[in-house]
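A.B. asks: return a 3D structure for these sequence lines:
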Amino acid sequence: MKVAKLWLKVSSDQYELPLAVADSAVELATLCGVTVNTIYAQMSRVRAGTLSSCPYICVVL
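C.D. replies: Here you go, the predicted model:
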């Protein structure tokens with residue numbers, strides 16, 4: 001069974017309001033004007049601890 005995900009770009013304040021919502025990382029990258037590698041790299045750096053926050057979030061539904 002395939003897991004449903006939503007990809008979001010959120011604001012950088014404490015509320016993290018959604019600025020863009022997409023069904024895939026590729027679609028979100030197109031909406032935001034960045035490459036998909038930018039999204040994956042920033043999310044990876046947060047997990048590794050080199051960044052404290054990331055404007056991109058993947059939500060599993």
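A.B. asks: what about stretch 7-26, start to end distance?
C.D. replies: Start-to-end span of stretch 7-26 (Cα to Cα, to the nearest Å) is 9 Å.
A.B. asks: so how far is stretch 52-61 off the chain centroid?
C.D. replies: Computed by Cα atoms, centre = their mean, to the nearest Å, the separation of stretch 52-61 from the middle of its chain amounts to 5 Å.
A.B. asks: now swap in stretch 11-24 and tell me
C.D. replies: Remark: stretch 11-24 is offset 8 Å from the chain centroid, using Cα atoms, centre = their mean.
A.B. asks: stretch 27-46 too?
C.D. replies: Taking Cα atoms, centre = their mean, one finds the center of stretch 27-46 at 6 Å from the center of the full chain.
A.B. asks: ditto for stretch 8-19
C.D. replies: 10 Å.
A.B. asks: ok, residues contacting it?
C.D. replies: For stretch 8-19, contacts defined as Cβ atoms under 8 Å, 6 or more residues apart in numbering pick out 20-22, 28, 31-32, 53, 55-59. The C-beta positions use only the backbone N, C-alpha and C, and glycine is treated the same way.
A.B. asks: pull up the distance across it, start to finish.
C.D. replies: 7 Å.
A.B. asks: go on, stretch 45-53?
C.D. replies: End-to-end span of stretch 45-53 (Cα to Cα): 9 Å.
A.B. asks: likewise stretch 49-60?
C.D. replies: Per Cα to Cα, stretch 49-60 runs 22 Å from first to last residue.
A.B. asks: and it, average pLDDT?
C.D. replies: Computed over stretch 49-60, the mean pLDDT rounds to 94.
A.B. asks: what residues sit buried inside that stretch?
C.D. replies: 54-57 (16 or more other Cβ atoms under 10 Å).
A.B. asks: pick out the most distant pair among these.
C.D. replies: Using Cβ to Cβ, the buried residues of stretch 49-60 span at most 8.2 Å, a distance reached by 55 and 57.
A.B. asks: longest helix anywhere in this protein?
C.D. replies: helix 36-48 (DSSP state H).
A.B. asks: note down every partner strand of the helix or strand following that helix and its orientation.
C.D. replies: Using DSSP states H and E, the next helix or strand after helix 36-48 towards the C-terminus is strand 56-60. When pairs are called by DSSP bridges, strand 56-60 turns out to pair with strand 5-10 (antiparallel).
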